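[1] The following comprises the amino acid sequence and a computationally predicted model.
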Amino acid sequence: MTVRRLIIAVSAVLLLAGVIGLLVPVSVPNSNGGSVSCGNGIAADLSSARAANDKNGANIPILNEILPNTDFVAECESALSSRRTWTIPLVVIGLVGVAGAVLVRRTEGAKAGV
């Protein structure tokens, strides 16, 4: 296996892992043992997180009382951000590696043909 093929193979694996990571659904756990859907790394869908916030009273101000609540929208945004933090660089590195290995001329092939 040549170095060029090895670079293409490793880059393709990185690209595939990044794309799969972006497409896999993201969710955060709720207090009932279930989970709240947040969409995926490409398109965020915070509607269920907003509905969960409305159910647990996160948006209800109560004076002189501390009400333990979870802001599911903030948790979803954090989970989506962390997912994008590692998947987008994988996609970029994979694309650059595949494109670079495919587009760069072979130097040893050009010498042998002369």
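    On my side now, so go ahead.
[2] Enumerate the positions of the helix or strand in which residue 81 is found that are buried.
    Assessed by DSSP states H and E, residue 81 sits inside helix 72-103. Neighbour counts using 16 or more other Cβ atoms under 10 Å place 72-73, 75-77, 79-80, 83-84, 87, 90-91, 94, 97-98, 101 of helix 72-103 among the buried residues. C-betas here are computed from N, CA, C, even on glycine.
[3] likewise stretch 7-17?
    For stretch 7-17, burial by neighbour count (16+ other Cβ under 10 Å) applies to 7-8, 11, 14-15.
[4] likewise stretch 43-50?
    Applying a neighbour-count criterion of 16+ other Cβ under 10 Å, one finds 44, 46, 48-49 buried in stretch 43-50.
[5] What about the residues you listed, which are in helices?
    Members of the buried residues of stretch 43-50 lying in helices (criterion: DSSP state H): 48-49.
[6] Let me have the buried residues of stretch 43-50 in TSV, adding distance to residue 105 and pLDDT as columns.
    Output for those, formatted as TSV (distance: Cβ to Cβ, whole Å; pLDDT from 0 to 100):
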residue	distance to residue 105	pLDDT
44	42	93
46	47	93
48	51	92
49	50	90
